[in-house]
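Peer 1: coordinates only, no sequence provided:
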Ligand code: AMP
Ligand code: ZN
Ligand code: FE
Ligand code: FE
């Protein structure tokens, strides 16, 4: 089976790339995309761990961009690592600055936290701030941290440093990566119907049709958009590690049981972008 959306400790997942690969193999996954937020630091370890298991690693990432002032995630599949490394490091440094700004906001609100060290190309995110709030005893759970402080427009929320969806799509295309709009129905800055034509114009090549947050009718709608605009379909569980708390938005690895048949069209789209 196929799993095209997962996170490791290189961003806000809780399993290392090796642990994730072993778990995916146990769960019956045959091809796994590692899609860490703004970093490709997990690939090498994942590929090394997957080789003896016969598991295929789909090299990928999840870019954080801003559209209409709201967070928009764009997945990129099969990027050229060398071309991407330096622009991505700038994004990761931006995430580190953002984490420090959120910590400073929390301190001002009377909730100081100990921010962990974030090594090299590791991309920190709000879940790390949530954990630090929990460790400091300010909240009982990470869900509470999001509800009280970190949710969009929450008192300690800080948006990503400005990087538009169009810029993100352009960067991915330059690196030979297939840009795919992640979980479109989570987006809060407008309707999918009105936004999609502009993104396609900007070079978007696919939609993440299958995601645990999408309802059956939303999935049907996204399948229709893919046919209308000639976009590739992807899907995945957006796995962040074993559940410590009940969070209805996230589910277990390979819960969607997606067919490997989604992979050849994605590979064909990537091939079109590579110089022949
Ligand atoms: P960031 O990219 O730093 O803004 O963080 C986004 C990540 O936070 C998502 O990928 C989820 O892993 C996590 N997240 C978002 N909303 C919530 C929530 N309400 N509760 C727990 N985790 C969340
Ligand atoms: Zn995440
Ligand atoms: Fe996302
Ligand atoms: Fe994700």
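Peer 2: Received the coordinates, thanks. Small disclaimer: the values here were computed from a predicted structure and weren't measured. Ligands and ions are numbered 1, 2, ... in the order given.
Peer 1: so what's residue 179 up against?
Peer 2: Neighbour list for residue 179: 74, 75, 76, 168, 169, 172, 173, 203, 204, 205, 206 [criterion: C-beta atoms under 8 Å, 6 or more residues apart in numbering]. Just so you know, the C-beta spots here come from the backbone N, C-alpha and C atoms, and that holds for glycine as well.
Peer 1: before we move on, what SS does it have?
Peer 2: Using DSSP: H, G, I helix; E, B strand; the rest coil, the structure places residue 179 in strand.
Peer 1: run a quick neighbour tally on the residue in the stretch 51-200 of the chain positioned nearest to ligand 1.
Peer 2: Proximity of the stretch 51-200 of the chain to ligand 1 (C-beta to the nearest ligand atom) peaks at residue 125, 2.8 Å away. Look at residue 125: counted by other C-beta atoms under 10 Å, it has 21 neighbours.
Peer 1: check residue 74 too.
Peer 2: So residue 74, with other C-beta under 10 Å, has 26 neighbours.
Peer 1: nearest residue to the closest residue to ligand 3 within the stretch 151-276 of the chain other than its sequence neighbours?
Peer 2: Closest to ligand 3 within the stretch 151-276 of the chain is residue 182: 4.8 Å, counting by C-beta to the ion. Counting by C-beta to C-beta, 6 or more residues apart in numbering, residue 182 lies nearest to residue 73, which is 3.9 Å off, once chain neighbours are set aside.
Peer 1: tell me which element the one you found is part of?
Peer 2: According to DSSP states H and E, residue 73 maps onto strand 70-77.
Peer 1: which positions in the stretch 101-250 of the chain make contact with ligand 4?
Peer 2: residue 238 (C-beta under 5 Å from the ion).
Peer 1: which parts of the stretch 101-250 of the chain sit against ligand 3?
Peer 2: Neighbours of ligand 3 within the stretch 101-250 of the chain, by C-beta under 5 Å from the ion: residue 182.
Peer 1: how about low-confidence regions in the stretch 51-200 of the chain?
Peer 2: Applying pLDDT under 70 to the stretch 51-200 of the chain flags no residue at all.
Peer 1: where's residue 117 relative to ligand 4, distance?
Peer 2: Distance from residue 117 to ligand 4, counting by C-beta to the ion, to the nearest Å: 23 Å.
Peer 1: buried residues in the strand holding residue 73?
Peer 2: For strand 70-77, a neighbour-count test (16 or more other C-beta atoms under 10 Å) marks 71, 72, 73, 74, 75, 76, 77 as buried.
Peer 1: touching ligand 4 at all, it?
Peer 2: No - Strand 70-77 stays clear of ligand 4 (C-beta under 5 Å from the ion), getting no nearer than 6.3 Å.
Peer 1: now that we have the contacts of residue 179, which of them are buried?
Peer 2: Neighbour counting by 16+ other C-beta under 10 Å classes 74, 75, 76, 168, 169, 172, 173, 204, 205, 206 among those as buried.
Peer 1: now the residue in the stretch 51-200 of the chain that ligand 4 sits nearest to, nearest residue through space, not along the chain?
Peer 2: Residue nearest to ligand 4 within the stretch 51-200 of the chain: residue 62 (4.9 Å; C-beta to the ion). Sequence neighbours aside, residue 35 is the residue nearest to residue 62 in space, at 4.5 Å (criterion: C-beta to C-beta, 6+ apart).
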